[in-house]
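Asks: Quick one: sequence plus predicted model below, questions after.
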Amino acid sequence: MTILVIAEHSHAELAVSTLNTVTAAQQMGAEVHVLVAGADIDGAVSAAQSIDGVSTVLVANDSAYAHQLAENLAPLIVELASGYSHVLAPATANGKNLLPRVAALLDVDQISEITAVVSADTFKRPIYAGNAIATVQSSAPIKVITVRGTAFASAACSAAGHARVQPVASVACEQISSFVGEALASSDRPELTSAKIVVSGGRGMQNGDNFKHLYSLADKLGAGVGASRAAVDAGFVANDMQVGQTGKIVAPQLYIAVGISGAIQHLAGMKDSKVIVAINKDEDAPIFQVADYGLVADLFEAVPELQASL
């Protein structure tokens with residue numbers, strides 16, 4: 001039984017979610033291979049070689065995979081899948097776009113966002129916005145699975161790569177989509193899904209300009225900055241900052257929720273945080289039900305005071 005993990009990468013390096021997915025694969029008790037597909041991917045390949053527990057790194061170096069379009073990658077993965085019992089990918093925007101196509105082409109069911117491995121064919125995953133955990137058993141000949149990265153530790157890496165590299169041939173794709181462009185947000189702050197501390201604001205921030213208070217606090221803490229769906233929908237901040245069921249799933253060591261009421265959609269994306277601090281002037285706000293520490297106060301007074309005390 002051998003498992004194939006689809007690497008998510010930036011060509012030069014692997015995404016942390018790939019390391020989390022390798023950990024999930026290792027818990028299934030099998031040999032683990034990693035597929036790195038793209039163009040000019042020597043850095044990502046070297047990083048994949050260094051992951052402990054990975055025996056083989058499959059390399060598909062082709063301009064057709066340069067932007068990791070799901071329509072181009074899916075036929076390649078389907079071609080490779082016959083040699084594997086499981087195909088895993090991170091439950092990121094890319095993974096959620098790619099693996100349903102793979103599952104459909106293989107004519108098997110997909111198991112989404114697993115948070116625990118019970119056995120090689122049985123897994124746990126959240127349902128009802130995380131309010132219940134389902135135990136799912138699959139009899140599919142090839143199990144297609146996305147992995148919630150925050151539920152698994154990152155796989156360890158060695159200084160020197162030890163996994164063997166195996167080039168794989170490209171597979172013809174139908175060119176039904178094309179890459180047009182991308183606009184990348186740059187920030188000196190940590191990325192939300194990997195930050196150890198996250199400060200998030202909600203509708204209580206009143207407008208986008210007031211997020212400057214959270215940016216200042218985050219800079220002192222070395223934290224990432226997030227937002228609730230209500231704040232994003234109101235146009236306060238960009239949607240790539242959204243934390244929640246339809247945004248990013250985070251589980252930092254410390255999560256500070258400022259002016260967030262605690263709608264179930266938001267709680268689904270952050271309630272696995274190790275310590276949750278809530279600041280809200282409404283003492284009946286649902287966020288206090290999951291918070292380890294709660295402060296009933298005006299955020300425009302409390303946040304500057306907190307910042308000044310650091």
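Replies: Perfect, I can see it now. Numbering: from 1, shown residues only.

Asks: What segments of the protein are helices?
Replies: 16-27, 42-49, 70-81, 93-106, 212-221, 229-233, 264-270, 299-309 (DSSP state H).

Asks: To D121, which of the ones you listed lies closest?
Replies: Nearest of the helices of the chain to D121, taken as CB to CB: helix 16-27 at 12.8 Å. (C-beta placed from N, C-alpha, C; glycine too.)

Asks: Could you measure from I133 over to A116?
Replies: As judged by CB to CB, to the nearest Å, I133 and A116 stand 8 Å apart.

Asks: Name the residues contacting each of those two.
Replies: Listed as contacting both I133 and A116 by CB atoms under 8 Å, 6 or more residues apart in numbering are K124.

Asks: export the helices of the chain to a markdown table and tack on distance to V171 and mean neighbour count?
Replies: Formatted as a markdown table, those follow (distance: least, CB to CB, whole Å; neighbours: other CB atoms under 10 Å):
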| stretch | distance to V171 | mean neighbour count |
| --- | --- | --- |
| helix 16-27 | 21 | 24 |
| helix 42-49 | 19 | 21 |
| helix 70-81 | 5 | 21 |
| helix 93-106 | 11 | 19 |
| helix 212-221 | 44 | 17 |
| helix 229-233 | 38 | 21 |
| helix 264-270 | 35 | 23 |
| helix 299-309 | 53 | 15 |
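
Asks: Columns distance to A257 on top of those, output as JSON lines?
Replies: Putting these into JSON lines (distance: least, CB to CB, whole Å) gives the following:
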{"stretch": "helix 16-27", "distance to A257": "23"}
{"stretch": "helix 42-49", "distance to A257": "34"}
{"stretch": "helix 70-81", "distance to A257": "33"}
{"stretch": "helix 93-106", "distance to A257": "23"}
{"stretch": "helix 212-221", "distance to A257": "11"}
{"stretch": "helix 229-233", "distance to A257": "11"}
{"stretch": "helix 264-270", "distance to A257": "7"}
{"stretch": "helix 299-309", "distance to A257": "10"}
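
Asks: Pretty sure Q253 sits against I197.
Replies: Yes - using CB atoms under 8 Å, Q253 makes contact with I197 at a distance of 6.5 Å.

Asks: between the two, who's got more neighbours?
Replies: The neighbour comparison of Q253 against I197 (other CB atoms under 10 Å) goes to I197, with 18 against 11.

Asks: what's across from the more buried one in the sheet?
Replies: With DSSP bridges applied, I197 shows beta-bridge pairing to L254.
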